[in-house]
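**Q** coords please:
(one chain, ligands or ions: 4)
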Amino acid sequence: KKAAVQSDPPRVPIAQLFPNNTYPKGQEVEYVNDNLYRTTNEEKRHLDNLNSEFLTDYRHAAEAHRQARQWAQKNIKPGQTLTDIANGIEDSVRALVGHDGLTEGDAIVAGMGFPTGLSINHCAAHYTPNAGNKMVLQEDDVMKVDIGVHVNGRIVDSAFTVAFNPVYDPLLEAVKEATNAGIREAGIDVRVGDLGGIIQEVMESYEVEIGGTTYPVKSIRNLNGHTINHYSIHGGKSVPIVKSKDQTKMEEGDVFAIETFGSTGLGHVRDEGEVSHYALRGDASKVDLRLSSAKSLLKVIEKNFGTLPFCRRYIDRLGVDKYLLGLNSLVANGIVEAYPPLVDKKGSYTAQYEHTILLRPTVKEVISRGDDF
Ligand SMILES: O=S(=O)(c1cccs1)N(Cc1ccc(F)cc1)Cc1ncn[nH]1
Ligand SMILES: [Mn+2]
Ligand SMILES: [Mn+2]
Ligand SMILES: [Mn+2]
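**A** Ligands and ions are numbered 1, 2, ... in the order given. The predicted structure follows:
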């Protein structure tokens, strides 16, 4: 008899909890300007129905995301190592989508959409522990937990911020409200630059007092949301989180990650520190590699990750050794892109909230919405 209830930690596959391949819908929001036409229009409804596998895979991934993150929100505590936190989330996601990612090509079917981001304090994004990392989460840390889950290459990209000290609440509130404003105003034919202005307006209406100093919350002007394509975490479009003249329009069928970042620092990030995040460039030219370790590593990456971002720990767990020289050679040859940690100034605090939204022909679906955020 199949378990009908989820375990703690979550290990019962979502597919077992939701028989006949029907998963919970995300938050459906009618388009404001031409809502009636889109919601009822026969042609739009037909277009929607052509996408049933796309929608099923997205909702499948989103339910796994919610269950894994809600377990994480309950269980992340000061004193835990970042490595243990990352493994706890990744073990859950892999069990929930029913794929362990250990047999060759398995992770391509379903699994982690990208490395579990665990970026702390002035580090805003693209940090996950590499092997040997001894970092321990502290009581006064502000940690961005950015989780990617995919099913058949339909990537759910959604993030929240963990802080144990209530002094940071106004910072987290600013970012949560800015992200929700961005989600609310998003829609077909909306200009991404206009969204940036709305997001910044909400974000910068907040201030936060830390250690006797009052900081205005700043939108991090060089971070942005983005489109998500099949097996591709960053599609062609970006969503600024500050006022911008970018006239690029959101279009029917687009999948957007709406993410905003607030900071008590400069409101600007730069690359710093050891790289953990990498991804095969979709457009990589067939370079004649001299280093045999680079050649063999490229095969491992193509087979196990395709164009999905990965981290060093994901190579370690496949049992591959001594790959760093080869990896750095693939980066130097422009075959693999490196995504270094993105940091604001030392001593500052940054927060993030992110959801993935589908601009369906009939309705806007906030696929990753949960009752947590
Ligand atoms: O900063 S991005 O490179 C980008 C923003 C706009 C256009 S491309 N990036 C995409 C990404 C890159 C590498 C990853 F491992 C995972 C995601 C945003 C993001 N990081 C985490 N969640 N969302
Ligand atoms: Mn399925
Ligand atoms: Mn993300
Ligand atoms: Mn994103």
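
**Q** Which positions within stretch 180-189 qualify as buried?
**A** In terms of neighbour count (16 or more other C-beta atoms under 10 Å), stretch 180-189 has its buried residues at 180, 181, 182, 183, 184, 185, 186, 187, 188. For glycine as for every other residue, the C-beta is placed from the backbone atoms N, C-alpha and C.

**Q** Equivalent analysis for stretch 38-47, please.
**A** Within stretch 38-47, the residues that count as buried by 16+ other C-beta under 10 Å are 38, 44.

**Q** Please save the CA atoms from that stretch in PDB.
**A** C-alpha atoms of stretch 38-47 as PDB (Å, rounded to 0.1, in the frame of the first residue of the first chain):
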ATOM      1  CA  ARG A  38      -7.800  36.000 -21.800                       C
ATOM      2  CA  THR A  39      -9.600  33.900 -19.100                       C
ATOM      3  CA  THR A  40     -12.500  33.000 -21.300                       C
ATOM      4  CA  ASN A  41     -11.100  33.200 -24.900                       C
ATOM      5  CA  GLU A  42     -11.500  29.900 -26.600                       C
ATOM      6  CA  GLU A  43      -8.200  30.100 -28.400                       C
ATOM      7  CA  LYS A  44      -6.300  31.100 -25.300                       C
ATOM      8  CA  ARG A  45      -7.900  28.200 -23.400                       C
ATOM      9  CA  HIS A  46      -6.900  25.900 -26.200                       C
ATOM     10  CA  LEU A  47      -3.300  27.200 -26.100                       C
END
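
**Q** Run through who's touching that stretch.
**A** Residues lying outside stretch 38-47 but in contact with it, judged by C-beta atoms under 8 Å, 6 or more residues apart in numbering, are 30, 31, 37, 188, 361, 362, 363.

**Q** And the residues you listed, which of them are buried?
**A** Looks like the contacts of stretch 38-47 have 31, 188, 361, 362, 363 buried, using 16+ other C-beta under 10 Å.

**Q** can you tell me which residues contact the last one?
**A** Listed by C-beta under 8 Å, 6+ apart, the contact partners of residue 363 are 28, 29, 30, 31, 38, 39.

**Q** Quick check: residues of the stretch 251-373 of the chain near ligand 4?
**A** Counting by C-beta under 5 Å from the ion, the residues of the stretch 251-373 of the chain close to ligand 4 are 257, 259.

**Q** quick one, helices of this protein?
**A** 14-17, 35-40, 42-50, 52-75, 82-96, 106-109, 169-185, 192-203, 292-304, 312-316, 324-332 (DSSP state H).

**Q** Mean pLDDT and distance to residue 139 added to the ones you listed, as TSV?
**A** Output for those, formatted as TSV (pLDDT from 0 to 100; distance: least, C-beta to C-beta, whole Å):
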stretch	mean pLDDT	distance to residue 139
helix 14-17	97	34
helix 35-40	82	46
helix 42-50	92	47
helix 52-75	98	16
helix 82-96	98	15
helix 106-109	94	35
helix 169-185	99	15
helix 192-203	98	26
helix 292-304	96	37
helix 312-316	98	26
helix 324-332	97	34
